[in-house]
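Participant: coords please:
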Amino acid sequence: MRNKELLERPRYEVIPTASVEDRILDSVPREITVTITASPTKGLEPTFALAERLAAQGFRTVPHVSARLVRDEIHLKEIVDRLVGAGIEDVFVPAGDSTTPAGRYDGALALLADLAALGRPFRDVGITGYPESHPTITDDVVVQSMWDKRVHATYIVSNLCFAPKSLATWVQRVRRRGVTLPILLGLAGPVQRAKLVSMATKIGVGESTRFLLRHGSWFVRMATPGAYSPERLLTRTALPDGDVAGLHVFTFNQVAETERWRRDLLTTR
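Facilitator: Numbers count the residues shown, from 1 in each chain. The predicted model follows:
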């Protein structure tokens, strides 16, 4: 895999906390795309507000439009008008982690279809891919869901995975099914244990509990000293050139550390 090329223009995913904007402005170059998650407890507003402010500062931003947080077609049209008005051309559409949908969208597919009905207002639309089994959805449903959503999307972001073989096998399976969308490899950045725990507490007790229930195994993996190295995962995930279009780095808001890690790798490879 072309590791150096992939590291030149990755995406950095952040959580919209009070301090993350200043961290981004202080340490992230403008050529890095910033994607912004949405919280089931705080709603979409913090996501969109941060996306707008960073876009005004010259960043290409990708807000998450979590389907379960959108009420209906009218609400979706309001979101589209707002984001397009801010010059945002790319959105990521997950189902979202809300236990109860805010309205008619129980999953991403219906929202994606309604976006298409609005004239495909965004140049790019991303969807999620799962290299490993989803904690609450069967594999057959996940496979069918990607197939159904592919006509409305322009790229796929793989969910976190720490097994190089599983990751490579998943990419090959996606291609064998006839899904040709560009794949961005989801990669956890160089997260420090203490800061990871701190971030888990900042997103709220209830949300943190849900987070750990859904992702407990990889949280433990990342929090264990020496157990995870992003560059090692990249090196061991052997894929032919062209199978991966880019990197999507989960920073857990450690953007300065992530950018330093990226620059160090670029200068040593």
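
Participant: just checking, next helix/strand downstream of the host helix or strand of Val249?
Facilitator: Using DSSP states H and E, the element containing Val249 is strand 246-250. Remark: after strand 246-250, the chain's next helix or strand is helix 255-268, criterion DSSP H and E.

Participant: Report all helices and strands that that following helix contacts.
Facilitator: Where contact means 3 or more Cβ pairs under 8 Å, 6 or more residues apart in numbering; DSSP states H and E, helix 255-268 is packed against helix 3-8, strand 11-14, helix 20-27. Bear in mind the C-beta positions are built from the backbone N, C-alpha and C, glycine included.

Participant: Give me the distance from that helix to the chain's centre.
Facilitator: 19 Å (Cα atoms, centre = their mean, to the nearest Å).

Participant: Identify all contacting residues around that helix.
Facilitator: 3-4, 7-8, 10, 12, 14, 20, 23-24, 26-29, 32, 189-192, 230-231, 249, 251 (Cβ atoms under 8 Å, 6 or more residues apart in numbering).

Participant: Can you select the buried ones among those for me in PyMOL?
Facilitator: Restricted to buried positions by 16 or more other Cβ atoms under 10 Å, the PyMOL selection for the contacts of helix 255-268 reads:
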select buried, resi 7+10+12+14+20+23+24+28+32+189+190+191+230+231+249+251
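
Participant: all strands for the stretch 1-150 of the chain, in order.
Facilitator: Here the stretch 1-150 of the chain has its strands, by DSSP state E, counting those that start in this stretch, at 11-14, 33-36, 61-63, 90-92, 124-129.

Participant: The longest one pairs with which strands?
Facilitator: Pairing partners of strand 124-129, with direction, according to DSSP bridges: strand 90-92 (parallel), strand 155-158 (parallel).

Participant: could you measure Pro230 against Arg11, distance?
Facilitator: 14 Å (Cβ to Cβ, to the nearest Å).

Participant: ditto for Leu187
Facilitator: Leu187 is 10 Å from Arg11, by Cβ to Cβ.

Participant: if I look at those two, which residues touch both of them?
Facilitator: By Cβ under 8 Å, 6+ apart, the residues touching both Leu187 and Arg11 are Leu247, His248, Val249.

Participant: Who are the contact partners of the last one?
Facilitator: Val249 is in contact with Pro10, Arg11, Tyr12, Glu13, Leu187, Ala188, Gly189, Pro230, Thr258, Arg262, counting by Cβ under 8 Å, 6+ apart.

Participant: thinking again about what came up before, quick check: angle from the strand holding Val249 to helix 255-268?
Facilitator: 140 degrees (axes from the mean of the first three to the mean of the last three Cα atoms, to 10 degrees).

Participant: Next, find the distance separating Lys42 from Thr180.
Facilitator: From Lys42 to Thr180 the distance is 36 Å (Cβ to Cβ).

Participant: So between the two, which is more surrounded?
Facilitator: Neighbour totals were compared for Lys42 and Thr180, and Lys42 leads with 16 against 9 (other Cβ atoms under 10 Å).

Participant: what sits against that one?
Facilitator: Pro16.

Participant: mind checking pLDDT for it?
Facilitator: Per-residue pLDDT puts Lys42 at 93.

Participant: Output the strands paired with strand 124-129 in a markdown table; the columns should cover distance to Pro101, mean pLDDT and mean neighbour count.
Facilitator: Formatted as a markdown table, the strands paired with strand 124-129 follow (distance: least, Cβ to Cβ, whole Å; pLDDT from 0 to 100; neighbours: other Cβ atoms under 10 Å):
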| stretch | distance to Pro101 | mean pLDDT | mean neighbour count |
| --- | --- | --- | --- |
| strand 90-92 | 18 | 99 | 23 |
| strand 155-158 | 22 | 96 | 22 |
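
Participant: any low-confidence regions in the stretch 151-269 of the chain?
Facilitator: Residues of the stretch 151-269 of the chain meeting the criterion pLDDT under 70: 193-228, 238-242, 269.

Participant: Do you have the helices of it handy? List them.
Facilitator: 164-176, 193-202, 205-223, 230-236, 255-268 (DSSP state H, counting those that start in this stretch).
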